[in-house]
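A.B. asks: only geometry, no sequence info:
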């Protein structure tokens, strides 16, 4: 263990818990606020609910793009921190902010300019009042794109530094602003869709402002530098985009496949559609453990690789994987145990509730077993620079396993949403085997990011 003494000091069990717990709390808060948002907007009418739901599907494309950019930046920043290169760490974080801001402003302008044609193309068959709700929500949402990108850039710095309490506290206040604003907007000002859109914009602006101010602090090992916020360094951007573009492409394909899966589920009738919708809300909660661990892998493995310490990278790959498996198993079991009580809140038929329960069983068992390898471990491989391999495997598995087998099992073998859930588990299983094999082969250690 002595060979790992330096790193185990920086990433001791206590330090890792101090990193993981705030990240989990932040994700949990976001999830709860999402549920609260859905509940509050339902009081604004069915058209409002439909409009917000449809536009959020479109907005997710940009949210994932900005997250992919931040993830690319986090890998580069983490590696510079591991190398103890403060100057380039600050330069890379500043370039991430500059590029993310410019890119998100361009996206916002394009969406605002072509809002109606975009919505007509995507949701042209919806009723007039739903379309107007979509228009209102999209226009206000587009104003928040730069704030989402700016916040993600700042969050990448603090997560790379291991200071996840910062993002957790900001998220707490931001979500509080959002929920209180929604309550005022819907029940006091009776503003309908705008009543839930403006509070989200204000909350995102708050988060972006606070994290940017904190990210300028010279007390941080890495901080924003004015010098690199006014001009592009193409060599540094290339390093960031080397990670970000494959991530963005992978996430984009995944979103398109989700649209395809929605079309398949729509073939199974109202009962199965309802069961699938409720199950997905529980799945999102159950997946939190695995999702939380991905940034941990990026920071820890990124710092090890930046220092050129392959042995410690291997050591922490194994340690973090063990933590993820235990964390994910316990959390999925807790969610499964609480599923009957959660279903009691819904006014569903006994048949629908039974179907939801079995969908949750399939998801939680395989999420606990496979997702630590297919999700968190893959994030670690990317942090080491092995981005092309993980992208190709993820895209191929999503399309040829999840999508194809959803059709085969769900439609051809008439298993319905159970078949779609099994195809999801197969996708995770295939990726888990391949990514674990990649880790064991050691080929990930041959790549360089900086």
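C.D. replies: Everything's here; your move. Here the structure is a predicted model, which means the values were calculated and not measured.
A.B. asks: residue ranges with poor pLDDT in the stretch 1-150 of the chain?
C.D. replies: Scanning the stretch 1-150 of the chain for pLDDT under 70 picks out the ranges 1-9.
A.B. asks: from residue 65, how far off is residue 182?
C.D. replies: Noted for residue 182: a distance of 25 Å to residue 65, by Cβ to Cβ, to the nearest Å. Where you see a C-beta, it was placed from the backbone N, CA and C, and this is true even at glycine.
A.B. asks: residues of the helix or strand containing residue 175 that come out buried?
C.D. replies: Assigning secondary structure by DSSP states H and E places residue 175 in helix 164-183. By neighbour count on 16 or more other Cβ atoms under 10 Å, the buried set for helix 164-183 is 164-168, 170-171, 174-175, 177-179, 181-183.
A.B. asks: roughly how far is the helix or strand following it from the heart of the chain?
C.D. replies: Sequence-wise, the next helix or strand downstream of helix 164-183 (DSSP H and E) is helix 193-215. Distance, stretch centre to chain centre, for helix 193-215: 18 Å (Cα atoms, centre = their mean, to the nearest Å).
A.B. asks: check stretch 112-120 too.
C.D. replies: 26 Å.
A.B. asks: hmm, back to that, what's the angle between the helix holding residue 175 and helix 193-215?
C.D. replies: Inter-element angle recorded for helix 164-183 and helix 193-215: 160 degrees (by axes from the mean of the first three to the mean of the last three Cα atoms, to 10 degrees).
A.B. asks: neighbouring contacts of helix 164-183?
C.D. replies: Helix 164-183 is contacted by residues 18-20, 22-23, 25-26, 29-30, 32-33, 36-37, 40-41, 151, 155, 158-159, 195-196, 198-200, 202-204, 206-207, 210-211, 214, 295 when judged by Cβ atoms under 8 Å, 6 or more residues apart in numbering.
A.B. asks: which of these are buried?
C.D. replies: Buried members of the contacts of helix 164-183, scored by 16+ other Cβ under 10 Å, are 19-20, 22-23, 25-26, 29, 33, 37, 40-41, 151, 155, 158-159, 195-196, 198-200, 202-204, 206-207, 210-211, 214, 295.
A.B. asks: is it correct that residue 140 is in contact with residue 194?
C.D. replies: Yes. Using Cβ atoms under 8 Å, residue 140 is in contact with residue 194, at 6.5 Å.
A.B. asks: tell me how many other residues crowd residue 248.
C.D. replies: 21 (other Cβ atoms under 10 Å).
A.B. asks: where's it, which helix or strand?
C.D. replies: Counting by DSSP H and E, residue 248 is found in helix 234-265.
A.B. asks: and that helix, what does it pack against?
C.D. replies: Contact here means 3 or more Cβ pairs under 8 Å, 6 or more residues apart in numbering; DSSP states H and E; on that basis helix 234-265 packs against helix 46-82, helix 86-113, helix 270-286, helix 377-383, helix 387-397, helix 404-407, helix 417-441.
A.B. asks: quick one: that helix to helix 387-397, angle?
C.D. replies: Counting by the same axes, to 10 degrees, helix 234-265 lies at 10 degrees to helix 387-397.
A.B. asks: what angle separates helix 234-265 from helix 270-286?
C.D. replies: Helix 234-265 runs at 150 degrees relative to helix 270-286, counting by the same axes, to 10 degrees.
A.B. asks: for the remainder of this discussion, apply numbering that starts at 56.
C.D. replies: Yep, numbering from 56; the last one is helix 289-320 now.
A.B. asks: how far does helix 289-320 sit from the chain's center?
C.D. replies: With Cα atoms, centre = their mean, you get 12 Å for helix 289-320.
A.B. asks: what's the angle from that helix to helix 472-496?
C.D. replies: Taking the same axes, to 10 degrees, one finds helix 289-320 and helix 472-496 inclined to each other by 150 degrees.
A.B. asks: pLDDT of helix 289-320, averaged?
C.D. replies: Mean per-residue pLDDT for helix 289-320: 91.
A.B. asks: so residue 71, which state does it fall into?
C.D. replies: helix (DSSP: H, G, I helix; E, B strand; the rest coil).
A.B. asks: just to check, it is in contact with residue 378?
C.D. replies: Yes. The criterion here is Cβ under 8 Å, and residue 71 meets it with residue 378 at 7.1 Å.
A.B. asks: may I ask which helix or strand encompasses residue 196?
C.D. replies: helix 183-198.
A.B. asks: got the phi and psi for residue 93?
C.D. replies: Backbone geometry at residue 93, expressed as degrees, to the nearest 10, gives phi -60, psi -40.
A.B. asks: for residue 339, see how far away it is.
C.D. replies: Counting by Cβ to Cβ, the gap from residue 93 to residue 339 is 12 Å.
A.B. asks: could you do residue 243 as well?
C.D. replies: For residue 243 relative to residue 339 (Cβ to Cβ), the value is 29 Å.
A.B. asks: settle it for me: which of those two has more neighbours?
C.D. replies: Taking other Cβ under 10 Å, residue 243 and residue 339 do not tie; residue 339 has more neighbours (14 against 9).
A.B. asks: tell me which element the nearest residue to that one once chain neighbours are set aside is part of?
C.D. replies: Leaving out its chain neighbours, the residue that sits closest to residue 339 by Cβ to Cβ, 6 or more residues apart in numbering is residue 86, at 6.3 Å. Using DSSP H and E, residue 86 maps to helix 68-96.
A.B. asks: if we can go back for a sec, may I see the buried residues of the helix holding residue 196?
C.D. replies: Using 16+ other Cβ under 10 Å as the test for burial, helix 183-198 gives 185-198.
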